[in-house]
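Undergrad: turn this into a structure:
(chains A and B)
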2 protein chains.
Amino acid sequence: MDYAIGIDIGGTNTKLGAVDDKGNVFEHHEFKTSDYKDFVSYMHALEAAIRELSDRVPAGAACAGIGIGAPNGNYYKGTIDFAPNLPFGNSAPIVETLRMAFGYSHIYLSNDANAAALGEKIYGGGKNLDHFIVITLGTGLGSGIIVDGKLLLGADGFAGELGHVCAIPGGRVCGCGKRGCLEAYVSATGIKRTFLEMLSKYNGASSIADLSYPQLDAKVIEDAAKAGDIAAKETYEITGALLGRCLADFVCFSRPSVIFLFGGPVKSGDLIFVPTRRALEENSMPVFKGKVKVLPSELPASNAAILGASAMVWHAIESES
Amino acid sequence: MDYAIGIDIGGTNTKLGAVDDKGNVFEHHEFKTSDYKDFVSYMHALEAAIRELSDRVPAGAACAGIGIGAPNGNYYKGTIDFAPNLPFGNSAPIVETLRMAFGYSHIYLSNDANAAALGEKIYGGGKNLDHFIVITLGTGLGSGIIVDGKLLLGADGFAGELGHVCAIPGGRVCGCGKRGCLEAYVSATGIKRTFLEMLSKYNGASSIADLSYPQLDAKVIEDAAKAGDIAAKETYEITGALLGRCLADFVCFSRPSVIFLFGGPVKSGDLIFVPTRRALEENSMPVFKGKVKVLPSELPASNAAILGASAMVWHAIESES
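TA: Okay, here's the model as predicted:
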């Protein structure tokens, strides 16, 4: 049995898993990213973690390669560039460093959302689909786009930044410096901002009006909506309506057969899916109406990042054959 | 020398050309589409026209195949479906009919904008590019998207409908039935509608205020703008600003290295390119700023449709080898 190593690098933790080509994660390892102050010391720790993980794998299993999901991971260059929450500087050559240490020919790096899309393609609901989009909702909105069965990378590896299309011209200031970006509205953060607008609109008439800004999050607002809170329900309604309208634009671009949603706010179920699907249909051109599904991701939330990272290895091996 | 036959089917005229793989159109033929009342009689005329064209080609030249650009041309099915200006019914099997008549294995059909994108790829400014977008401005706004060197067709062949992304939420009614579509603003028709808004804003203070609605077109407005007319200049300024903002969204999607503009309004030069490029930069994420060029198409306007259609043949042959 072969396995791929999937690595999920976050600002706080680095998680590793050994994954077979069916998506079974049969060994885990984890260490604190934040214990290391620069790229060189971090890489010593990462190499040690990879060796430790490999030692635990059943005898006879062969490692097919390593996939890494990391913020600002540059697929073409194999470097992590200017990642705000990692002490790695302008351009950290992680793929080359691992290649020298381990000699594998299949070592890949991408950002988290692209990895999620490949995870969906290799192990999840996108297995038999050539055209789909994965939207990941967390602090921000990430996206990975599959075209003709392959990840859309664009001229420099940074294609698929759908969190930063203009959803509301002249709208909210986004973390990227632009105004009105989709992720300023449709993300855990965006949901919180919209709820505050609703709290203003209804002048505090909400069951969670006593919570302060730091106490509010998308889950608290979801629970309030499910208990019937009007301001919270309207928040999810507005979020889904805007997401659906933008999904209709994405359909004009690549005509996917499915758009998968992933992440915390997606667990609210109908609260987000109902208005999203309705707005997608309302804003679709006649030729696309009723043809594009919006579905929850089929990747298990607990291992999604490791699965996505490891999927890059199997995807590359498939593409060769 | 081999040649491909490019066919451009319009509601009024059908134009045919024999094209070598460098984009030289060395024989032309043309007949009236509107002389034929149904698909069967039209196909008799088209087959005769193809034979007549082939007879005039220099001895020894071999036909590599046929490419057809037509409104509502469905690439996957090879049928022209529900084309409003063609008396062909719901689904006209043009590729299959030509295959039975001529036996060529390479016969392809697509819509005009997709054909334009392949024309740019095979003969024009996109020759050495893997990621670019062609935007065609005419009565409407069409688009063809090249990803990884290939035409993006999507799950059903209708990807690349960028004229119908939402540019202004709740804005102008578009011919497709939606509101605020890009082509309701950025197209020859959209330019005329914007000029009328300017004429209202300036209460008739324009050198072309004496022209009635049927007398106005994008070229008349362009000429007025070049002669210093404020209302006409502002019309092009608004058009370019909106186009540039939407191009920034398209960059988030596929990260092209160039966006080519094609069609009548593009001939206005700086009038449209200056505000378009400015708005693209202003609305680009930091990671994309200064990286995507907006350029005029390099296809000659006179033969662009025939070239685009014929390019499908060479593109398919290239993809095989």
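Undergrad: where do the strands sit along the stretch 1-150 of chain A?
TA: Taking DSSP state E, counting those that start in this stretch as the criterion, the stretch 1-150 of chain A carries its strands at A:2-9, A:13-19, A:25-32, A:62-69, A:73-74, A:79-81, A:91-92, A:107-110, A:132-137, A:141-147, A:150-151.
Undergrad: could you dump these into JSON lines with mean neighbour count and distance to B:Ala316 added?
TA: (C-beta placed from N, C-alpha, C; glycine too.) Converted to JSON lines, the strands of the stretch 1-150 of chain A look like this (neighbours: other CB atoms under 10 Å in any protein chain shown; distance: least, CB to CB, whole Å):
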{"stretch": "strand A:2-9", "mean neighbour count": "25", "distance to B:Ala316": "35"}
{"stretch": "strand A:13-19", "mean neighbour count": "23", "distance to B:Ala316": "38"}
{"stretch": "strand A:25-32", "mean neighbour count": "16", "distance to B:Ala316": "42"}
{"stretch": "strand A:62-69", "mean neighbour count": "22", "distance to B:Ala316": "34"}
{"stretch": "strand A:73-74", "mean neighbour count": "24", "distance to B:Ala316": "33"}
{"stretch": "strand A:79-81", "mean neighbour count": "21", "distance to B:Ala316": "37"}
{"stretch": "strand A:91-92", "mean neighbour count": "20", "distance to B:Ala316": "40"}
{"stretch": "strand A:107-110", "mean neighbour count": "26", "distance to B:Ala316": "31"}
{"stretch": "strand A:132-137", "mean neighbour count": "29", "distance to B:Ala316": "25"}
{"stretch": "strand A:141-147", "mean neighbour count": "28", "distance to B:Ala316": "18"}
{"stretch": "strand A:150-151", "mean neighbour count": "20", "distance to B:Ala316": "19"}
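Undergrad: any idea which of those gets closest to chain B?
TA: strand A:141-147 (5.4 Å; CB to the nearest CB).
Undergrad: ok, A:Asn90 - contacts?
TA: Going by CB atoms under 8 Å, 6 or more residues apart in numbering or on different chains, A:Asn90 touches A:Asp81, A:Phe82.
Undergrad: how near is it to A:Thr79?
TA: The gap separating A:Asn90 from A:Thr79 is 9 Å, by CB to CB, to the nearest Å.
Undergrad: A:Glu52 too?
TA: 25 Å.
Undergrad: return the residues in contact with the residue in the stretch 51-200 of chain A that chain B sits nearest to.
TA: Taking CB to the nearest CB as the measure, the stretch 51-200 of chain A has A:Gly154 as its residue closest to chain B, at 2.6 Å. Shown in contact with A:Gly154 (CB under 8 Å, 6+ apart): A:Gly160, B:His131, B:Val147, B:Ser254, B:Arg255, B:Pro256.
Undergrad: just give the nearest non-adjacent residue to the most centrally placed residue in chain A, would you?
TA: Most central in chain A under CA atoms, centre = their mean is A:Ala113, positioned 3.4 Å from the mean C-alpha point. Excluding its sequence neighbours, the residue lying closest to A:Ala113 (CB to CB, 6 or more residues apart in numbering or on different chains) is A:Gly142, at 3.0 Å.
Undergrad: again, but for A:Tyr202
TA: A:Ala231 (5.0 Å).
Undergrad: then A:Ile80?
TA: Using CB to CB, 6+ apart, the nearest residue to A:Ile80 is A:Ala92, at 4.5 Å.
Undergrad: residue contacts, the one you found?
TA: A:Phe39, A:Thr79, A:Ile80, A:Asp81, A:Leu86 are the contacts of A:Ala92 under CB under 8 Å, 6+ apart.
Undergrad: show the pLDDT at the third one.
TA: The one in question is A:Ile80. A:Ile80 carries a pLDDT value of 94.
Undergrad: hmm, it is touching A:Ala70, no?
TA: Yes: counting by CB atoms under 8 Å, A:Ile80 touches A:Ala70, with 5.2 Å between them.
Undergrad: what do the two both touch?
TA: A:Ile9, A:Leu86, A:Ile94, A:Leu109.
Undergrad: enumerate the positions of stretch A:155-169 that are buried.
TA: A:155-167 (16 or more other CB atoms under 10 Å in any protein chain shown).
Undergrad: what pLDDT does the closest residue to chain B within the stretch 201-321 of chain A get?
TA: Using CB to the nearest CB, the closest approach of the stretch 201-321 of chain A to chain B is made by A:Arg255 at 2.6 Å. With respect to pLDDT, A:Arg255 scores 97.
Undergrad: right, and it touches B:Leu162 too?
TA: No: assessed by CB under 8 Å, A:Arg255 is found out of contact with B:Leu162, at 11.6 Å.
Undergrad: show me what contacts A:Lys219?
TA: By CB under 8 Å, 6+ apart, the neighbours of A:Lys219 are A:Gly264.
Undergrad: now the residue of the stretch 51-200 of chain A closest to chain B, nearest residue through space, not along the chain?
TA: Leaving aside its chain neighbours, A:Gly154 sits nearest to B:Arg255 (2.6 Å; criterion: CB to CB, 6+ apart).
Undergrad: quick check: that neighbour touching A:Ala159?
TA: Yes: applying CB under 8 Å, one finds B:Arg255 in contact with A:Ala159, separated by 3.9 Å.
Undergrad: overlap in contacts of those two?
TA: When contacts are counted by CB under 8 Å, 6+ apart, B:Arg255 and A:Ala159 have A:Leu153, B:His131 as shared neighbours.
Undergrad: what is the burial count for the residue nearest to A:Gly154?
TA: 23 (other CB atoms under 10 Å in any protein chain shown).
Undergrad: what sits against it?
TA: With CB under 8 Å, 6+ apart, B:Arg255 has these contacts: A:Leu153, A:Gly154, A:Ala155, A:Asp156, A:Gly157, A:Phe158, A:Ala159, A:Gly160, A:Glu161, B:His131, B:Phe288, B:Val292.
Undergrad: relative to B:Phe132, how far out is the second one?
TA: I take that to be A:Gly154. On the measure of CB to CB, A:Gly154 and B:Phe132 end up 10 Å apart.
Undergrad: can you give me the helices for chain A?
TA: Listed in chain order, the helices of chain A (DSSP state H) span A:39-56, A:94-102, A:112-122, A:188-201, A:218-226, A:230-254, A:270-282, A:304-320.
Undergrad: which one of those has the most crowded surroundings?
TA: Highest mean neighbour count of the helices of chain A: helix A:112-122, a mean of 29 (counted as mean count of other CB atoms under 10 Å in any protein chain shown).
Undergrad: from A:Ala231, how far off is the residue of chain A positioned farthest from its centre?
TA: Going by CA atoms, centre = their mean, the residue of chain A most distant from its centre is A:Asn203, 34.7 Å out. Noted for A:Asn203: a distance of 10 Å to A:Ala231, by CB to CB.
Undergrad: over to A:Gly65?
TA: Taking CB to CB, one finds A:Gly65 at 49 Å from A:Ala231.
Undergrad: next up, the contacts around the nearest residue to A:Arg172 once chain neighbours are set aside.
TA: In space, A:Arg172 comes closest to A:Ala184 once its chain neighbours are excluded; the distance is 4.1 Å by CB to CB, 6+ apart. By CB under 8 Å, 6+ apart, the contact set of A:Ala184 is A:Ala167, A:Gly171, A:Arg172, A:Val173, A:Cys174, A:Gly175, A:Gly190, A:Arg193.
Undergrad: same check on A:Ser284?
TA: Counted by CB under 8 Å, 6+ apart, A:Ser284 has contacts A:Ala248, A:Val251, A:Lys291, A:Val292.
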